[in-house]
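structure of the sequence below:
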Amino acid sequence: MKALEVTGKIQEGQLTLDYPLQIDNFNAVKVIILLPEADDPDDTPIEEIKESLKISLQEAKTGKRIPLEQMWEGIDAE
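Predicted coordinates for the structure are as follows:
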């Protein structure tokens, strides 16, 4: 089987995908639904991630970021 990871919503017992699938028609598929835990740190909304990436890109363009080689200065890692 080939696996695809997509996002969607369940409302009134119906699964709706966020975007159409760009695949050929299949007669049958297997669906595995992963529900987020209440305290799952990996459950950041997509819009929040996009906004954070936009801010980081702007900061990088204007030189407001710490260079990677300087991030580890002063950290004693063995």
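
could you use CA atoms for every contact and neighbour count after this?
Fine.

could I get the pLDDT score of the closest residue to Val6 other than its chain neighbours?
In space, Val6 comes closest to Leu17 once its chain neighbours are excluded; the distance is 7.1 Å by C-alpha to C-alpha, 6 or more residues apart in numbering. If you check Leu17, the pLDDT there is 92.

what's Leu17 sitting at in phi/psi?
phi -80, psi 150 (degrees, to the nearest 10).

can you tell me how far it is from Gly63?
Separation of Leu17 from Gly63 (C-alpha to C-alpha, to the nearest Å): 39 Å.

run a quick neighbour tally on Asp24.
By other C-alpha atoms under 10 Å, 5 other residues sit near Asp24.

re the thing from before, may I have the residues that are in contact with the residue nearest to Val6?
Taking C-alpha atoms under 8 Å, 6 or more residues apart in numbering, we find Leu17 in contact with 6-9.

one more time with 10 Å
By C-alpha atoms under 10 Å, 6 or more residues apart in numbering, the contact list for Leu17 reads 6-10.

before we move on, what about Lys54?
Lys54 neighbours (C-alpha under 10 Å, 6+ apart): 48, 60.

doesn't it fall inside a helix?
Yes - Lys54 forms part of a helix when assessed by DSSP: H, G, I helix; E, B strand; the rest coil.

which secondary element of this protein has the worst mean pLDDT?
helix 68-71 (a mean of 78; mean pLDDT, DSSP states H and E).

right, I'll leave it there.
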